[in-house]
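**Student:** Got a predicted structure plus its sequence, pasted below:
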Amino acid sequence: MTSQTIIDPPEDGHFRNGKASNGASPTTLSIHLTINGRDHALDIEPRVTLLDALRERLHLTGTKKGCDQGQCGACTVHVEGERVLACLTLAAQVEGRSITTIEGLADEDGTLHAVQAAFLEQDAFQCGYCTPGQIMSAVACIREGHAGSDEEIREYMAGNLCRCGAYPHIVAAVRQAARELRS
Amino acid sequence: MRDFSYLRADSVEAARNAAALPGAMLLAGGTTLIDLAKCGVAEPATVIDISHIEGLNAIDVTADRAVIGALAKMSHVADNAEVKSHFPAVSEALWQAASAQLRNMATIGGNLMQRTRCPYFRDPQNFPVCNKREPGSGCSAIGGVTRGHAVLGTSEACIATYPGDLAIALVAFDAEVDLGERKLKVEDFFLAPGATAEREHDIRPGEMITAIEIPGSAAARRSTYLKVRDRQSYEFAAASAAVGLELEGDGRTIRDIRVAVGGVATKPWRARAVEEALKGKPLDEASVRKASELVMEGAVDHGANRYKIALAPRVIARAILKLGETA
Amino acid sequence: MTVHDMKHAGSDSARLEAVGGRLSRVDGPAKITGAAHYAFEQQLEGLTHAVLVGATIAAGKVTGIDTRAAETAPGVLAVLTPDTIMELNSASDWFGRQPSEETYCPLVREVTFSGQHVAAVVAETFEQAVAAAALVKVSYDEMPAIVDLSDGSDGIPVDAMTKEWGDAEAAFAEAPVRVCAAYNTPREFQAAMEPHGLIARWEGDQLTIWEPSQWLDGMARTYAEWFGVPFQNVRLVSPYIGGGFGSKALALAHSAVAAAAAKMLGRPVKLVLNRPQNFTSYGGRAATRQTVAIGADKAGRIQSIVHRGVNETAVDGMWVEPLGSVTSIMYATPNFSSKQNVVRVNTVVPGAKRAPGENPSAFGIECAIDELAHELGIDPLEMRLINYAEQDPHAKKAWSTRQLREAFAAGAEAFGWAKRSREPRSMRDGHQLIGWGVAAGTYPVRRAYGEAVVKLLADGSVEVESSSIDMGQGTYTILAQTAAETLGVPVEKVSVRLGDSHFARAGVTGGSRLAGVMTGAVYKAAGQALDELIGLALSDPRSPFHGLQANTLQVKGGRIASPRGDGPEFSIAELMRALGREKIEAKGDTVPASFTPEQRYNNYTTIAMALPHTEGDYSRHSWCAHFVEVRVDEDFGTVRVSRVVSALDSGRLYNPKLAESQWKGGIIMGIGQALLEEGIVDRRHGRIVNGNLADYMLPTNADIPDIRTISVGIPDPHSSALGGKGVGELGIVGVAPAIANAVFHATGKRVRDLPITLEKLI
């Protein structure tokens, strides 16, 4: 790693620095992330991904690291309500945006989201490692209106690999939850 | 991943200024830049986050033209009702690309800046030889595993396939890329490797894509994108075709036809020979299949990718015939 | 840490809770809420991060490692090389055989495969370690590598694999109808979604390892031997495993690096393989080649099978993928010969992947029998029934149970096989050629001994403890069901704790043996606890049942009473209170009483003590029949599986809901094997070039149709205490040949090299 200097913003002020925190290495940023409705302060390097910020800094390990290169979907979270991959998102990039992880999906009282309940009922997982990503993806899939048929569910859930092979049960769970959420 | 500075740009002008800094790279959706930074291919000294610039994500579509802001997400364009109606091939190319999550991240501008999936390009640790990364070092792919490599537009310097889908549809319909100071045909924006494999786009330091524009046409309205791959989804194309068709009043003579192919060439590949062979001719299966073969004029294979020479014309033909059926 | 809150599953009725009931996973709520902490997600004070540097050549010597840039990089605590990492003892292998070398260095000077670990960087943060690892410069003296099976000689004969009876070669030569072909399977990978990795922490000479593991006891033994500490000093913790499929049973070189780094630094170290390293740091399924020659009479009766197989193994390690395992038992034949060789290539030692041996073996014989059926004009299903093996043709023993005929019948009925047109290329839908294929599968019943602890607590709840693990098969759930049923308590009263090597020992989770072993052990332990409770209830003066004129008592729904129901009734908690007991604890095991402590230790920490499936009077196997429909695009050559019906005999199912999931998982992995999966080696570099999840393609949701599974099993008393046979491995066996046979039926093209990719069909 080579040491980098923060470049001074141009006079016109059209771009702004990541705010260097006092006393920290010059490339450390102090940021705030809003995760599951709560504010989290972090001092991190710019290169830290949202995934590693969640798992290694904030101890929110429900979001899984499967490939760390955008190829498996295990790290799916919602940013401003849309499903994205936390492994290809810089933590600094989503400051000021609302982030939802699997830990924030159920109600405060523990009542499961319809998709979670359907996954349990349909046995839509085995080892459980891809499952948080599948569930986050499924919630968004339904919200997007891409759960209209089994064929559509399969296509729009294709970005979440499952090596245990729970796919038919995932389709059944998404179908069931979509029906419940519509009614 | 090497450490870098992070700057957030509030405006296009600020982004352009920052992009001119040495070692600066623009960050939009992150699906290419962060991926390649992890691979060790991209080593930005400064990352300019342009994803918060306002006003660059508009999708403005009429029958005459589509203007799509550089920061519009692939998913939003794919699901846009006007895009679906006036430019179905564009929507289809988008929803068949990557995965729902990646399409929610990736922007239209970033999509055009996407890099090849050549496994040698993506692994500098194990394969230091690569003309795209190290000009003049050579090509690790030639003589290696070439099943996914290009058969069209290749050179002795590089046979890496252009991986995208959207740009295939864009070149078929004469879209332009707006770089602020200048506009370019998307077809000219992408560069074949020739002797300078490291140059993939006609873009200069300090330039930034702000929008793409697609002229409306009858062919664009009656268009489709057909993508063939090993896996049903979440995979790059083995061969794909963006096709648009306009018939004469008789319902069978071809007035206008647009054909471009993906997955087989080093850049988005317009198949003008196929178009010329079919214009003014009646739409029938035999002549469509015969004309589609013309796409492979000048094709060079490297063994394991020979199947693409047989496959791509069939993809084109099926796409044209499918459009013909949907009169 | 592994106690599962049952409130979300509490609505299941008593019928669902019993063994054989469709209870939802008891570990499910933790997994769907993100509350389940997998092994290397533990949060520890002072945790450091290690990243490995892999060899960029496949064969040769490391001539120098320049660590200067890495050492001065921010946050770096140590750069380990073969010269600086602490020396370890060699450990015994999984049979418990002593090593030939005295010492072991997990970082190498002599490279035998690309990606082999050469150095490691430990830093304060993951990002710093990754960046610094990229700065380590290794120089090599490269040697020519043997990259795959086609490079080597015929290989080394593995005499132990030879199976022969009759005069197979002569009978084949004389047979009126003959088929002979070669079948190849490529290098395949387990590709569990959770990567391999671990956290290692030393406290004095006590080592704790948090690592996804299919075998806590075996891995603990390896760590103990590496570091020369007593076995009891090593604690392996693995509460959840994000998929293993055979890959997570052994402590590997990267495990040793992390544990050594932790000892050297005096701080806990986390090391997780990145995805490409998961393709080079441990073995997938070896590439295989087989020739299968079948001679038959005109009526289709097999006269002879001649089988030759070869699999790749490593330059410095041995893996035998038993290729004649299905060939030798599936069909009755008077003459048989199977021999196998291995070829050494420059690869990491291949390893176990779902149904090692049986899977590729079935690809050979189940395609060959299809070819014979086509040659004779006999329906492929009929062909299999003509040659049905009424007993084990090799062991010459009766089957314990073999519901394969029932599987063929049930599967064919549900699939509509009778409507199949005989000729290839005779069914189509527009541009899609449709084909129907069938194949059978089997997997032996592997048996071993296990132990479990069952505790009845003062509040009436129950705890079950075992060092076994749940990687998705449903161990938590079926052990809760077993304890609940045996003790007569509601299942929500039962907490199952797994994944800690300090619990009662279980041995390896592999070869589909765990459910049979552990339900037996829990059944026994729970029975002992119940006996003790009832004994105390009747004999203890403080008991409300004391002096009752009864020989025994009965527990139902967590309440204890006389079987006639005419006396008093108390909850277990009330009884425990009356007895003044905090708990009743029973350790039950299925280990022979004659075992010495050393035999017991070897039973859990090696695989040497497992019982042969043909021990005694019976040959024990699970069986299945797959019926598959494929659609092949006639222009593009793309194959999509559009329908699967599988009928399976796994004996008694402890929980059909979970068993069906495992079967389907195996079938889906088989679809990947048939159509997508192949480790592609650059022959110039001896390196896998598609070692990632975009280029080594697993099936996506969009590749998988609805799958119907039908259970045709009956309880098999010879296979396990509760009558179950194996589930997890079985499903994949026979899927690839069923698909290949369907592709032949669709297209008339016989593809004998997996995977069946589009260029093989256009």
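**Tutor:** Sure thing, it's come through. Residues are numbered from 1 along each chain as shown, chains lettered A, B, ... in the order given.

**Student:** contacts and neighbour counts: CA atoms only from here.
**Tutor:** Will do.

**Student:** For stretch C:717-733, buried residues please.
**Tutor:** Buried residues in stretch C:717-733, defined by neighbour count with 16 or more other C-alpha atoms under 10 Å in any protein chain shown: C:718-733.

**Student:** Let me know the closest of the residues you listed to chain B.
**Tutor:** The closest of the buried residues of stretch C:717-733 to chain B turns out to be C:Ile732 (C-alpha to the nearest C-alpha; 19.2 Å).

**Student:** check contacts around that closest one.
**Tutor:** Contact analysis of C:Ile732 by C-alpha atoms under 8 Å, 6 or more residues apart in numbering or on different chains lists C:Arg354, C:Ala355, C:Asn359, C:Gly441, C:Trp663, C:Gly665, C:Gly666, C:Ile667, C:Ile668, C:Met669, C:Gly670.

**Student:** So which of those residues are in helices?
**Tutor:** Within the contacts of C:Ile732, residues falling in helices by DSSP state H are C:Asn359, C:Trp663, C:Gly665, C:Gly666, C:Ile667, C:Ile668, C:Met669, C:Gly670.

**Student:** Redo those residues as a markdown table? Include pLDDT.
**Tutor:** Shown next, in a markdown table, are those (pLDDT from 0 to 100):
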| residue | pLDDT |
| --- | --- |
| C:Asn359 | 98 |
| C:Trp663 | 98 |
| C:Gly665 | 98 |
| C:Gly666 | 98 |
| C:Ile667 | 98 |
| C:Ile668 | 98 |
| C:Met669 | 98 |
| C:Gly670 | 98 |
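
**Student:** centre of the chain versus the helix of greatest length in chain A, how much separation?
**Tutor:** What stands out as the longest helix in chain A, according to DSSP H, is helix A:167-182. Distance, stretch centre to chain centre, for helix A:167-182: 20 Å (C-alpha atoms, centre = their mean, to the nearest Å).

**Student:** Near chain A, which residues of the stretch 151-300 of chain B are found?
**Tutor:** Counting by C-alpha under 8 Å from any C-alpha of the partner chain, the positions of the stretch 151-300 of chain B adjacent to chain A are B:Ser233, B:Tyr234.

**Student:** try it again with 10 Å
**Tutor:** Taking C-alpha under 10 Å from any C-alpha of the partner chain, the part of the stretch 151-300 of chain B that reaches chain A is made up of B:Gln232, B:Ser233, B:Tyr234, B:Glu235.

**Student:** which residues touch C:Ile668?
**Tutor:** Neighbouring residues of C:Ile668 by C-alpha atoms under 10 Å, 6 or more residues apart in numbering or on different chains: A:162-168, C:644, C:662, C:674, C:698-701, C:703-705, C:707, C:731-732, C:735.

**Student:** Which of those residues fall within helices?
**Tutor:** Among these, DSSP H puts A:Tyr167, A:Pro168, C:Gln662, C:Ala674, C:Val735 in helices.

**Student:** Among those, which one sits closest to chain B?
**Tutor:** Using C-alpha to the nearest C-alpha, the ones in helices among the contacts of C:Ile668 come closest to chain B at C:Ala674, 11.7 Å.

**Student:** Pretty sure the closest one sits against C:Ala740.
**Tutor:** Yes. Counting by C-alpha atoms under 10 Å, C:Ala740 is a contact partner of C:Ala674 at 7.2 Å.

**Student:** what sits against C:Leu376?
**Tutor:** The contact partners of C:Leu376, taken as C-alpha under 10 Å, 6+ apart, are C:Val177, C:Arg178, C:Ala296, C:Asp297, C:Lys298, C:Ala299, C:Gly300, C:Asp370, C:Met383.

**Student:** Against B:Glu54, how distant is the second one?
**Tutor:** Which is C:Arg178. To B:Glu54, C:Arg178 is 73 Å away according to C-alpha to C-alpha, to the nearest Å.

**Student:** out of the two, which sits in the busier spot?
**Tutor:** The neighbour comparison of C:Arg178 against B:Glu54 (other C-alpha atoms under 10 Å in any protein chain shown) goes to C:Arg178, with 21 against 12.

**Student:** So that one belongs to a strand, correct?
**Tutor:** Yes. Residue state for C:Arg178 (DSSP: H, G, I helix; E, B strand; the rest coil) corresponds to a strand.

**Student:** now it, nearest residue through space, not along the chain?
**Tutor:** With C-alpha to C-alpha, 6 or more residues apart in numbering or on different chains as the criterion, C:Arg178 has its nearest non-adjacent residue at 4.4 Å, and that residue is C:Gly295.

**Student:** pretty sure C:Leu433 contacts C:Ala746?
**Tutor:** Yes. Using C-alpha under 10 Å, C:Leu433 is in contact with C:Ala746, at 5.3 Å.

**Student:** Between the two, which contacts overlap?
**Tutor:** Counting by C-alpha under 10 Å, 6+ apart, the contacts common to C:Leu433 and C:Ala746 are C:Pro424, C:Arg425, C:Ser426, C:Met427, C:Val630, C:Arg631, C:Val632, C:Asp633, C:Glu634, C:Val639.

**Student:** so what's the first one up against?
**Tutor:** With contact set as C-alpha under 10 Å, 6+ apart, C:Pro424 has these partners: C:374, C:433-436, C:742-749.

**Student:** Identify the residue nearest it in space, chain neighbours excluded?
**Tutor:** Distances taken as C-alpha to C-alpha, 6+ apart put C:His745 closest to C:Pro424, at 4.2 Å, once the chain neighbours are dropped.

**Student:** Could you do the fifth one as well?
**Tutor:** Setting aside the residues directly before and after it, C:Val630 is nearest to C:Val641 in space (C-alpha to C-alpha, 6+ apart), at 4.4 Å.

**Student:** any idea which element the one you found lies in?
**Tutor:** strand C:639-649 (DSSP states H and E).

**Student:** Each with direction, which strands does that strand pair with?
**Tutor:** Next to strand C:639-649 in the sheet, as set by DSSP bridges, lie strand C:621-633 (antiparallel), strand C:707-711 (parallel).

**Student:** Check what pLDDT C:Asp649 gets.
**Tutor:** In this prediction, C:Asp649 carries a pLDDT score of 98.

**Student:** tell me the contacts of it?
**Tutor:** Neighbour list for C:Asp649: C:401-404, C:406-407, C:442, C:621-625, C:710-715, C:724-727, C:730 [criterion: C-alpha under 10 Å, 6+ apart].

**Student:** which is the next helix or strand following the host helix or strand of C:Gly516?
**Tutor:** Assessed by DSSP H and E, C:Gly516 sits inside helix C:514-539. Beyond helix C:514-539 on the C-terminal side, the first helix or strand identified by DSSP H and E is strand C:554-556.

**Student:** helices and strands around that following strand, which ones?
**Tutor:** Contacts defined by 3 or more C-alpha pairs under 10 Å, 6 or more residues apart in numbering or on different chains; DSSP states H and E place strand C:554-556 against helix C:475-487, helix C:514-539, strand C:559-561, strand C:569-571.

**Student:** Which one, of those, ends up nearest to B:Val145?
**Tutor:** Comparing the helices and strands packed on strand C:554-556 against B:Val145 with C-alpha to C-alpha, the closest turns out to be helix C:514-539 (41.0 Å).

**Student:** Show the secondary-structure elements that the closest one is packed against.
**Tutor:** In terms of contacts (3+ C-alpha pairs under 10 Å, 6+ apart), helix C:514-539 is packed against strand C:451-457, strand C:462-465, helix C:475-487, strand C:554-556, strand C:559-561, helix C:572-579, strand C:583-589.

**Student:** want to throw those into a markdown table with mean neighbour count?
**Tutor:** Formatted as a markdown table, the helices and strands packed on helix C:514-539 follow (neighbours: other C-alpha atoms under 10 Å in any protein chain shown):
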| stretch | mean neighbour count |
| --- | --- |
| strand C:451-457 | 25 |
| strand C:462-465 | 24 |
| helix C:475-487 | 27 |
| strand C:554-556 | 18 |
| strand C:559-561 | 21 |
| helix C:572-579 | 20 |
| strand C:583-589 | 20 |
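
**Student:** Can you check which of the ones you listed gets nearest to C:Ala36?
**Tutor:** helix C:475-487 (13.1 Å).

**Student:** So for the closest one, mean pLDDT?
**Tutor:** Mean predicted confidence for helix C:475-487 is 96.

**Student:** How far off centre is stretch C:551-563?
**Tutor:** 40 Å.
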